[in-house]
Every structure is written in C-alpha cells, then in structure tokens.
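Trainee: test case, fold it:
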Amino acid sequence: MAGAITISGLPGSGTSTVADLLHKKLGFKYVNVGNLFRELADKYKMSLQDFEEYCENNSEIDIELDRKQENILKKGDVILEGRLSGWIAHIKKIPSIKIWFDCNEDERVKRIINREGGDFFEKKKEMRERQESEKRRYLKFYGIDLDDKSIYDIVIDTTYMKPEDIVEKIMNELQK
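Mentor: Down below sits the predicted model:
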C-alpha cells in the first residue's frame, strides 16, 4: 500500500498513540503536526495557550503549517496526524485515506491526565478552551467546521477501544 494516511481527532482521542502503532506496522513515516505546532510555540517563546491565542489573530502560522502538511502529504508513504490533516488532503485533492477519531469528552480528559497529570476539572477547562480556539481559527481562516466529518473515509469512536484494536480496525478498512 502506498499513499498517505491522515489521522485527526480532538485532544485525547488517541490519534498519537494509534498513529505511532500504525507507523510501526506499515513502515510509513510518521509526522505529528501537534509537535510541529509546539516547536513553533517554543521558537516564538510562548506557552502553548498564549501561542494559540496569538494564532487566532495571525494566520501566518497556520499558513506555514498547512504548507508543511501539504508537502509532506504529496511525498506519500506517510501517516500525518493533525487536526486539519484530513481537511488539507481533501482541499488540496491529495490522494489519501482520511481517518477521524471520535471519543467521549470525559474519557479524553482522563487520557490527557494519564499523559500529562493534573486536575480533572482544570484539564477539562483547558481542553475546551483549546478546542474553541481551534474551532474559531479554522472557521475564520478556512471556513472549516471541525464538526463536519463528511470528508473522512473512516470515522472511529475510540472511547472504549484499545489502541491495538483501533489499529486492527484501520488495517481491516485499508484492505477493503
């Protein structure tokens, strides 16, 4: 199988874990757009939250990230994990399998706490603020509604699934 796979979903839905497992199984390169965003926040010497607020009014960051994603997708043999990766492949008409992960909000918060630590209610508040910031940015700059999942080839509810089972489901879908 050659081509590109995009994996998108809200924070804590399992995208990074599954993308890493899938990358090991398929041998594709794996690129995490969230890490690219964090690197830019560091470069600008801002906290992630401050950087997201900055990005709401400064589209050049998103434009730079989009260009990087487009170039990565065009090379193929890659798993690109990011909130807008599927949309970029769709808009730019780059052949790819686009996957979206749904997951219950409380379960996502628990997963984030397992990864980063912290208080449940504080993490839930941070997560919601981040989601709202991203939703505003994507709607403002692109006209993209993150709730619109019609562009995805595969949508999986990961709430009660183990990462290995999600990978197996994806592999089964890819073989169809």
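Trainee: the longest helix in the protein is where?
Mentor: What stands out as the longest helix in the chain, according to DSSP state H, is helix 120-142.
Trainee: packing partners for that one?
Mentor: Of the remaining helices and strands, those touching helix 120-142 by 3 or more CB pairs under 8 Å, 6 or more residues apart in numbering; DSSP states H and E are helix 48-57, helix 85-91, helix 105-116. Bear in mind the C-beta positions are built from the backbone N, C-alpha and C, glycine included.
Trainee: distance from the chain centre to that helix, please.
Mentor: Centroid displacement of helix 120-142 relative to its chain, using CA atoms, centre = their mean, to the nearest Å, is 13 Å.
Trainee: for that helix, list every residue counted as buried.
Mentor: By 16 or more other CB atoms under 10 Å, the buried positions in helix 120-142 come out as 123, 124, 126, 127, 131, 134, 137, 138.
Trainee: tabulate the helices and strands packed on helix 120-142 (JSON lines), appending mean neighbour count, distance to residue 167 and mean pLDDT.
Mentor: Converted to JSON lines, the helices and strands packed on helix 120-142 look like this (neighbours: other CB atoms under 10 Å; distance: least, CB to CB, whole Å; pLDDT from 0 to 100):
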{"stretch": "helix 48-57", "mean neighbour count": "15", "distance to residue 167": "28", "mean pLDDT": "84"}
{"stretch": "helix 85-91", "mean neighbour count": "23", "distance to residue 167": "18", "mean pLDDT": "95"}
{"stretch": "helix 105-116", "mean neighbour count": "16", "distance to residue 167": "16", "mean pLDDT": "95"}
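Trainee: turn the ones you listed into JSON lines, including distance to residue 99.
Mentor: Output for the helices and strands packed on helix 120-142, formatted as JSON lines (distance: least, CB to CB, whole Å):
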{"stretch": "helix 48-57", "distance to residue 99": "24"}
{"stretch": "helix 85-91", "distance to residue 99": "7"}
{"stretch": "helix 105-116", "distance to residue 99": "17"}
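Trainee: what's the closest of those to residue 175?
Mentor: Closest to residue 175 of those is helix 85-91 (CB to CB; 20.1 Å).
Trainee: quick one: the longest helix of the chain to helix 48-57, angle?
Mentor: In terms of direction (axes from the mean of the first three to the mean of the last three CA atoms, to 10 degrees), helix 120-142 departs from helix 48-57 by 20 degrees.
Trainee: name every strand pairing with the next helix or strand after helix 120-142 and say which way it goes.
Mentor: Downstream of helix 120-142, the next assigned helix or strand under DSSP states H and E is strand 154-157. In the sheet, strand 154-157 lines up against strand 96-102 (parallel) (DSSP bridges).
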